[in-house]
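Q: Make a model of this:
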Amino acid sequence: MASKGFYSRFNDVWMLDGVRTPMADYCTSFADISPTDLGIKAARAILQRTGIPGAQIDSVITGNMAPGDTYQFFLPRHIGLYSGVPVEIPAINVQRICGTGFEILRQAGDQIERGYVDTALVVAAESMTRNPIASFSHRSGFKLGAPVEFKDYMWEALVDTAPGISMIKTAENLAKRFAITREEVDAFASLSFERAVRAQQEGFFDGEIVPVKNEVFELEGYASRRLRVSGKQPEITQDSHPRISPPDVLAKLRAVYADGVQTGGNSAALVDAGAATIITSTAGAAGRKPLAKIIASAVVGVPPEIMGIGPAPAIRLLLERSGLTLADIGCFEINEAQGAQTIAVERELGLDRAKLNVNGGAIALGHPLAVSGLRLTITVARELQRRGLRYGVAAACVGGGQGMAVLVENPQA
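A: Have a look, this model is predicted:
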């Protein structure tokens with residue numbers, strides 16, 4: 001019986017290249033930067049790197065989850081305009097929570113396959129720092145003595161009200177189901193940090209990171225925009241969260257739940273970032289060498305209370321419909337929302353850890369919600385080229401009970 005879910009196959013869809021900003025820890029260097037400006041920075045960088053003029057862009061597709069200012073409605077349009085895309089070209093914002101970065105790739109591929117466009121500017125941006133403290137119940141005023149209902153937009157969103165449990169609890173459910181111990185989760189997290197630090201020291205991430213410093217974005221006839229870095233560093237050039245974290249150090253951290261395995265040290269870090277890519281057809285590439293071919297994507301639903309298992313059925317569907325097996329895949333990038341969650345996916349599929357998140361994952365690098373899927377895809381494509389391997393898969397679980405995955409091919413293999 002065929003797996004259920006949504007599968008998209010592409011015949012002529014290419015990722016020319018991909019860039020991202022450094023991922024800055026929550027409430028640090030990017031605290032004063034809106035997601036729109038993180039997106040503009042990444043978008044300008046990818047246009048410059050690929051040599052694609054803004055005038056060649058036929059569509060702007062952005063991904064962003066939480067508002068970072070009161071002008072979020074304009075985010076996709078402003079990213080396009082301030083990146084140099086002609087005023088006539090439309091823009092749209094997309095959200096599939098942690099799968100958003102994959103969904104914008106899928107939608108770009110769909111637009112190209114249907115013949116709507118030749119070349120799309122695809123951008124994701126997220127500021128975890130600037131998630132608002134919000135009220136949804138005081139539009140009509142404040143009644144004397146009534147509760148004042150301002151809540152932390154990000155903290156409250158960590159609870160799925162359908163099953164009535166937090167995202168961390170969904171990982172704890174998987175830990176029990178797969179008999180995953182605290183020691184195993186801390187060891188996995190320690191390896192993620194170790195790999196990320198090594199990749200950083202070897203300069204691997206330098207190939208995808210665009211440094212960020214104070215900058216003014218001009219647009220003739222319109223208001224200027226200003227990007228301002230916080231703190232004493234004038235320029236941010238690398239991810240701030242990776243650090244050597246031995247298992248015995250991680251073991252000292254208090255678990256979120258008394259009988260649980262998840263801590264702040266073995267769960268995804270909160271970071272701010274932007275990323276961008278150019279997705280195009282052969283005609284749009286105009287002879288340029290692409291980074292990767294986007295072969296297919298798949299998205300599935302899973303029970304909300306074990307949402308973290310989502311990548312497993314998504315990857316199964318992706319490979320089943322693409323005519324491939326796990327053995328055909330040279331590298332996997334699976335978002336490390338929580339350590340136990342990623343181990344559960346690893347066990348469910350029988351993955352070789354030597355192929356999984358070889359440059360570290362979100363525990364070490366961070367998980368800027370809408371950006372992660374795009375970051376994972378760029379990273380796996382670059383690793384395929386470095387190793388001379390043909391196929392790679394990037395995947396993530398999605399809050400509410402989904403999983404999404406993308407299959408890419410190295411055109412040089």
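
Q: make it CA atoms for all contacts and neighbour counts henceforth
A: Fine.

Q: Give me the mean pLDDT for the helix or strand encompassing residue 8.
A: Counting by DSSP states H and E, the element that carries residue 8 is strand 6-9. Averaged over strand 6-9, pLDDT sits at 96.

Q: just stretch 367-385 next, same as before
A: Averaging pLDDT along stretch 367-385 yields 98.

Q: now that stretch: how far from the chain's centre is it?
A: Offset of stretch 367-385 from its chain centre (CA atoms, centre = their mean, to the nearest Å): 6 Å.

Q: now the strands for the stretch 1-150 of the chain?
A: Secondary structure of the stretch 1-150 of the chain (DSSP state E, counting those that start in this stretch): strands located at 6-9, 14-20, 24-25, 59-63, 91-94, 119-127, 133-134.

Q: just so I know, which of these lies nearest residue 408?
A: With distances scored as CA to CA, the stretch of those nearest to residue 408 is strand 14-20 (9.2 Å).

Q: Now find how far off-centre the closest one is within its chain.
A: The chain centroid and the centroid of strand 14-20 are separated by 14 Å under CA atoms, centre = their mean.

Q: again, but for stretch 71-84
A: Between the centre of stretch 71-84 and the centre of its chain there are 19 Å (CA atoms, centre = their mean).

Q: Quick check: buried residues in it?
A: Neighbour-count burial for stretch 71-84, counted by 16 or more other CA atoms under 10 Å, picks out 72, 75, 76, 77, 78, 79, 80, 81, 82, 83, 84.

Q: pLDDT at the second one, what is it?
A: Going back to what we said before, that points to residue 75. In this model, residue 75 is scored at 98, pLDDT.

Q: Show the pLDDT at the nearest residue to it once chain neighbours are set aside.
A: Counting by CA to CA, 6 or more residues apart in numbering, residue 75 lies nearest to residue 36, which is 5.3 Å off, once chain neighbours are set aside. At residue 36, the model reports a pLDDT of 98.

Q: and residue 36, what does it touch?
A: By CA atoms under 8 Å, 6 or more residues apart in numbering, the contact set of residue 36 is 72, 75, 76, 78, 79, 125.

Q: wait, which of the strands of the stretch 1-150 of the chain is closest to residue 172?
A: Among the strands of the stretch 1-150 of the chain, strand 24-25 sits nearest to residue 172 (CA to CA), with 24.8 Å.

Q: helices or strands up against the closest one?
A: Secondary-structure packing of strand 24-25 (3 or more CA pairs under 8 Å, 6 or more residues apart in numbering; DSSP states H and E): strand 271-280.

Q: Next SSE downstream of the strand it packs on?
A: Following strand 271-280 toward the C-terminus (DSSP H and E): helix 282-285.

Q: buried set for that following helix?
A: Buried residues in helix 282-285 (16+ other CA under 10 Å): 284, 285.

Q: okay, the residue nearest to residue 192 when sequence neighbours are not counted: pLDDT?
A: Once flanking residues are discounted, residue 192 sits nearest to residue 360: 4.3 Å by CA to CA, 6+ apart. Residue 360 carries a pLDDT value of 98.

Q: List the contacts of residue 360.
A: With contact taken as CA under 8 Å, 6+ apart, residue 360 is in contact with 191, 192, 193, 194, 195, 196, 197, 199.

Q: Just the ones of the buried residues of stretch 71-84 in helices?
A: Under the assignment DSSP state H, those contribute 75, 76, 77, 78, 79, 80, 81, 82 to helices.

Q: Would you reformat these as a markdown table and include distance to residue 22?
A: Shown next, in a markdown table, are these (distance: CA to CA, whole Å):
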| residue | distance to residue 22 |
| --- | --- |
| 75 | 20 |
| 76 | 21 |
| 77 | 23 |
| 78 | 21 |
| 79 | 18 |
| 80 | 21 |
| 81 | 23 |
| 82 | 20 |
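
Q: tell me which of these is nearest to residue 275?
A: Top of the list for closeness to residue 275, among those and by CA to CA, is residue 79 at 11.7 Å.

Q: Hmm, the closest one is touching residue 39, no?
A: Yes - here residue 79 reaches residue 39: they are 6.1 Å apart, a contact under CA atoms under 8 Å.

Q: Check the gap between the closest residue to residue 305 other than its chain neighbours and residue 227 for me.
A: Nearest non-adjacent residue to residue 305, counting by CA to CA, 6+ apart: residue 170, 5.2 Å away. Here the criterion is CA to CA, to the nearest Å. By it, residue 170 lies 37 Å from residue 227.
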